[in-house]
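**Q** can't give you the sequence, but here's the structure:
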């Protein structure tokens with residue numbers, strides 16, 4: 001993987017993370033948070049797809065790496081929803 005491939009992968013992960021935050025409506029703002037969320041969403045979404053025996057719907061190949069776009073957004077959305085729920089729960093208890 002070249003340096004340009006790595007930066008393209010970061011941009012794609014950031015866009016997927018931003019879309020996941022936008023869908024849920026809970027945002028921590030920031031580029032690094034969106035990038036991390038895109039990668040976490042790809043892991044969670046790919047695991048969920050394998051567990052449910054669903055195909056990879058839209059995969060972007062960057063260099064030698066494959067990045068599941070749709071599953072990254074779905075996994076990121078689930079992850080942000082859980083984090084938002086846990087965060088709201090703490091505020092209500094205080």
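**A** The structure has been received and is ready for your questions. Since the model is a prediction, treat every value here as computed from it, not as a measurement. Residues are numbered from 1 along each chain as shown.

**Q** Please count neighbours and contacts with C-alpha atoms only from this point.
**A** Will do.

**Q** can you tell me the helix or strand for the closest residue to residue 62 other than its chain neighbours?
**A** Sequence neighbours aside, residue 5 is the residue nearest to residue 62 in space, at 6.0 Å (criterion: C-alpha to C-alpha, 6 or more residues apart in numbering). Using DSSP states H and E, residue 5 falls within helix 3-24.

**Q** What are the buried residues along that helix?
**A** Across helix 3-24, burial judged by 16 or more other C-alpha atoms under 10 Å covers 9-21, 23-24.

**Q** which helices and strands does that helix pack with?
**A** Helix 3-24 sits against helix 31-51, strand 59-62, helix 69-93, with contacts defined as 3 or more C-alpha pairs under 8 Å, 6 or more residues apart in numbering; DSSP states H and E.

**Q** Mind picking the one among the buried residues of helix 3-24 that's closest to residue 71?
**A** Closest approach to residue 71 among these (C-alpha to C-alpha): residue 16, at 9.4 Å.

**Q** so who does that closest one touch?
**A** 34, 35, 37, 38, 69, 72, 73, 76 (C-alpha atoms under 8 Å, 6 or more residues apart in numbering).

**Q** And the pLDDT for it?
**A** In this model, residue 16 is scored at 91, pLDDT.

**Q** And it, how close does it get to residue 61?
**A** Remark: distance between residue 16 and residue 61 (C-alpha to C-alpha, to the nearest Å) = 15 Å.

**Q** Next: residue 75.
**A** From residue 75 to residue 61 the distance is 19 Å (C-alpha to C-alpha).

**Q** These two: who's more crowded?
**A** Remark: of residue 75 and residue 61, residue 75 carries more neighbours, 28 against 12, as counted by other C-alpha atoms under 10 Å.
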